[in-house]
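# What follows is a predicted protein model with its sequence.
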2 protein chains.
Amino acid sequence: MSKDREALASSPRQPTLKAIADAVGVHVSTVSRALRRDPTSGDASKSVRRIHRIAEEMGYRPNMMAAGLRTNRSYTIGVVMPRLTDVVIAQTCEAIEEAATAAGYQILLTTPRDEVRAQIRSIQALASRRIDGLIVSSIHLDRPDMVEEILSVGIPVIAVNRRANDQLQAVTTDDHHGGYLAGEHLANLGHRRVGIVAGPRHASTAWDRTQGCIDALAARGIEVDESLCVHTDFEVQGGISGAHRLLNLEDPPTAIFAVNDTAAIGVAGAARDRGLSIPHDLSLVGYNDIPLVSQLPVPFTTISSPAAPMGAVALQQLLRGINDEDMASFTLPVSLVVRASTTVPSRS
Amino acid sequence: MSKDREALASSPRQPTLKAIADAVGVHVSTVSRALRRDPTSGDASKSVRRIHRIAEEMGYRPNMMAAGLRTNRSYTIGVVMPRLTDVVIAQTCEAIEEAATAAGYQILLTTPRDEVRAQIRSIQALASRRIDGLIVSSIHLDRPDMVEEILSVGIPVIAVNRRANDQLQAVTTDDHHGGYLAGEHLANLGHRRVGIVAGPRHASTAWDRTQGCIDALAARGIEVDESLCVHTDFEVQGGISGAHRLLNLEDPPTAIFAVNDTAAIGVAGAARDRGLSIPHDLSLVGYNDIPLVSQLPVPFTTISSPAAPMGAVALQQLLRGINDEDMASFTLPVSLVVRASTTVPSRS
DNA sequence: TTGTAAGCGTTATCAG
DNA sequence: CTGATAACGCTTACAA
């Protein structure tokens, strides 16, 4: 219908090697070879420089689909990354993309919903793209069919953020230790009733942080019974509903550990709505140290975790896999950041 | 080095149409045709079903690089999207990805730094991928060389979030009106010294919101002089430094409009550090209504803007362009959400 | 319905 | 160093 399309059809869209070859008066293969030499280096022949110049003039862009078909390399890395709106996930994604670009790769991103079937479809779609490697983040690695699907792609894979029972190499942060630090801090302050907004059951991150907290408390003789550990999602709303459930208990906690900052903000909102002041009526520990929690009226005590380094290390390991070197799993260290949202309990 | 690679080398990586053809005992072209028929439909011949079954058994995944080379369609859409860690941007990105997946397309994502050269490199890299369409978000559309580069790719393009002087179709939210609503609200409360944390100069979003606010105030006879309008970035830190500059003025503002919520959180942090209470000592209006600002101890008055719809509409328009239909620009409506961070000024 | 064959744009092998 | 040629995996006239 539009004139543009017809114009495109007559002048075959983008210049090809053949077009350059004709313009220069040499064979395609000569052009192909010349263009992969560095024209600025000292030993570049004048013909190489000439070909580069003409290619530039014609606005040549290599067709990577054609090159990839031939070389069986797409220089593309698939990334399956749900929950992109979570700052921590987005930071990891940015770091992956930056490292990939630096290494000459590009990122094919999918952000399926937090649901097994959608995530499997994403992986299959990426497999059709003949990606060179795959990074999976925050997906349902607890499901055996998920892991099987991932392995069946037959390319290097690395998990990021969450882990999968040693069937996949993974780059994570030390979630258990982070949870431990949170629990230890609250116990040291004197809290003996600690509630946990524990996130989804299927996420190893959430689970490890929760377990770390429980272990730290147990080491000091404090038990976290079933009712003190509520499972939610990672969002603000999850924090709100989780907090209400905990604070509705007959013997409510004097402190709450939320396994991520976003949920912790929800907890703080729920506390405000109940007229509870933080930290005097309720101590609160978050997780991740996202930039804004230090600017809240009552800045959160939280666990700082290296989201961007996680992405960078994951990509670096994946490149090792692509180049047929051995890949390794990594667990990056975390640290406790004490701010104003925690204090000694005002009641037993 | 690794055994896997050698195993792969002997059994040529992924099954191809040829492999299936051999297994079934027909020609490649027959397989190709059969696989693009629906085997579950009533009129599927037994041979079509047989081919589908065998392909499934062999774990066949079409090679889209080969198909794309032939058909000159990659079913890939390039997305250039800096500042992915901004929730609003990430929401838009998720919406784009979801809509693309639904339409059978995939997203090639780049998140270059907020800098012209990096963004141009991103666009060139995408062009090599023979993407079918391009979505550019939050990039330096104020630069003519940027726009020229974008247009030179020769495929349908749509801008999202920011606009570019009518040279590009764009899907944005009504930033000017959003700013206007903010200014109007503050004026109606009685504020006559209003400071603006105005974001970067090169972003049309920031500029339009600022101008909208200034226009609303001007309509009520209130002037915003140079010193009351500070340019920063969109981050928490920008809000902090911007607020300090405004509050250090001889005649400091009684209200601040920050052109995004993240910066507004920084403003709130700076106010806290100065011992100013919001809203009594300082009224504050944010922008975007990201989920967490409603849960803050003093929930923000802010402008609600439809980030996800923006992405969905942009993709829909881009698909029109790809299918050679006319594309159109859209400006989506915004609304004022009044919460607790604004009130009447306590001093003139 | 099925087979034949050409071709998409590139790289790799092999001669000259 | 250059040119000719085959091949990567797929789609699509066209012919049978």
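Good, I have the coordinates.
# can you count the residues close to the residue of the stretch 201-348 of chain A found nearest DNA strand D?
Using CB to the nearest atom of the strand, the single residue of the stretch 201-348 of chain A nearest to DNA strand D is residue A:322, 17.8 Å away. Every residue, glycine included, has its C-beta placed from N, CA and C. For residue A:322, the count of nearby residues is 19 (other CB atoms under 10 Å in any protein chain shown).
# Pretty sure it sits against residue A:131.
No - counting by CB atoms under 8 Å, residue A:322 does not reach residue A:131; the two are 9.9 Å apart.
# intersection of neighbour lists for those two?
Residues touching both residue A:322 and residue A:131 (CB atoms under 8 Å, 6 or more residues apart in numbering or on different chains): residue A:155.
# Point out where the stretch 1-150 of chain A drops to low pLDDT.
Filtered on pLDDT under 70, the stretch 1-150 of chain A yields the residue ranges A:1-13.
# can you map out the strands along chain A?
A:76-80, A:106-110, A:133-137, A:157-160, A:170-173, A:194-197, A:229-230, A:255-258, A:283-285, A:302-304, A:330-332, A:335-337 (DSSP state E).
# The last one and chain B, any residue contact?
No - using CB under 8 Å from any CB of the partner chain, no contact is recorded between strand A:335-337 and chain B, whose separation bottoms out at 15.2 Å.
# other SSEs contacting that strand?
In terms of contacts (3 or more CB pairs under 8 Å, 6 or more residues apart in numbering or on different chains; DSSP states H and E), strand A:335-337 is packed against helix A:175-189, strand A:302-304.
# Partner strands of it and their direction?
Strand A:335-337 has the following sheet partners, assigned by DSSP bridges: strand A:302-304 (antiparallel).
# starting at the chain centroid, how far to the partner strand?
17 Å (CA atoms, centre = their mean, to the nearest Å).
# ditto for stretch A:280-298
Distance, centroid of stretch A:280-298 to centroid of chain: 22 Å (CA atoms, centre = their mean).
# Does residue A:150 touch residue A:158 like I think?
No - when contacts are counted by CB under 8 Å, residue A:150 is not listed as touching residue A:158 (10.3 Å).
# picking that back up, would you mind finding the most buried of the strands of chain A?
Neighbour counts (mean count of other CB atoms under 10 Å in any protein chain shown) averaged over each of the strands of chain A peak at strand A:255-258, with a mean of 32.
# contacting residues around it?
If you take CB under 8 Å, 6+ apart as the criterion, strand A:255-258 is touched by A:179, A:182-183, A:186, A:189, A:191, A:193-197, A:213, A:239, A:242-243, A:246, A:264, A:266-267, A:282-287, A:342, A:345.
# now the helices for chain A?
Taking DSSP state H as the criterion, chain A carries its helices at A:3-10, A:17-24, A:28-35, A:46-58, A:64-71, A:87-102, A:116-128, A:144-152, A:175-189, A:204-218, A:236-247, A:261-273, A:307-322.
# highest average neighbour count across these?
Each of the helices of chain A was scored by mean neighbour count; the highest is helix A:261-273, a mean of 26, by mean count of other CB under 10 Å.
# Alongside DNA strand C, which residues does chain A contribute?
Residues of chain A lying close to DNA strand C by CB under 7 Å from any atom of the strand are A:12-13, A:16-18, A:28-29, A:32, A:35-36, A:60, A:62-63, A:66-67, A:69-71.
# ok, now with 6 Å
Proximity of chain A to DNA strand C, by CB under 6 Å from any atom of the strand, involves residues A:12, A:16-17, A:28-29, A:32, A:62-63, A:66-67, A:69-71.
# just those residues that are near DNA strand D?
Applying CB under 6 Å from any atom of the strand to the residues of chain A next to DNA strand C, those adjacent to DNA strand D are A:29, A:69-70.
# Return the member of those nearest to chain B.
residue A:69 (5.0 Å; CB to the nearest CB).
# My understanding was that the closest one contacts residue B:65; is that so?
Yes - counting by CB under 8 Å, residue A:69 touches residue B:65, with 5.0 Å between them.
# What is the burial count for the closest residue to residue A:321 other than its chain neighbours?
Leaving aside its chain neighbours, residue A:321 sits nearest to residue A:156 (2.9 Å; criterion: CB to CB, 6 or more residues apart in numbering or on different chains). Residues lying near residue A:156 (other CB under 10 Å) number 24.
# how near is the closest residue to residue A:123 other than its chain neighbours to DNA strand C?
Closest residue to residue A:123 apart from its sequence neighbours, by CB to CB, 6+ apart: residue A:149 at 5.6 Å. Using CB to the nearest atom of the strand, to the nearest Å, residue A:149 is found at 29 Å from DNA strand C.
# Would you check that residue A:149 makes contact with residue A:120?
Yes - Residue A:149 lies in contact with residue A:120 (CB under 8 Å); the separation is 5.2 Å.
# CA atoms only for stretch A:209-216, dumped as CSV, please.
In CSV, the C-alpha atoms belonging to stretch A:209-216 read as follows (Å, rounded to 0.1, in the frame of the first residue of the first chain):
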residue,chain,number,x,y,z
ARG,A,209,16.9,-15.7,53.3
THR,A,210,14.1,-17.0,55.4
GLN,A,211,16.0,-20.1,56.5
GLY,A,212,19.1,-18.0,57.3
CYS,A,213,17.1,-15.8,59.5
ILE,A,214,15.5,-18.8,61.2
ASP,A,215,18.9,-20.4,61.7
ALA,A,216,20.3,-17.3,63.3
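# what mean pLDDT would you report for that stretch?
Stretch A:209-216 shows a mean pLDDT of 98.
# Contacts for that stretch next, please.
Contacts with stretch A:209-216, where a contact means CB under 8 Å, 6+ apart, come from A:175-184, A:187, A:194, A:196, A:198-199, A:224, A:229, A:257, A:259, A:287, A:303.
# Just the closest residue of the stretch 151-300 of chain A to DNA strand C, please.
Closest residue of the stretch 151-300 of chain A to DNA strand C, CB to the nearest atom of the strand: residue A:155 (18.7 Å).
# who's in contact with the residue nearest to residue A:315 when sequence neighbours are not counted?
Distance criterion CB to CB, 6+ apart; nearest residue to residue A:315, sequence neighbours excluded, is residue A:99 at 4.1 Å. Residues near residue A:99 by CB under 8 Å, 6+ apart: A:311-312, A:315-316.
# from those, which single one is nearest residue B:335?
Closest approach between these and residue B:335, by CB to CB: residue A:311, at 35.8 Å.
# Roughly how far does the residue nearest to the closest one when sequence neighbours are not counted sit from DNA strand C?
Counting by CB to CB, 6+ apart, residue A:311 lies nearest to residue A:95, which is 3.2 Å off, once chain neighbours are set aside. Distance, residue A:95 to DNA strand C, by CB to the nearest atom of the strand: 29 Å.
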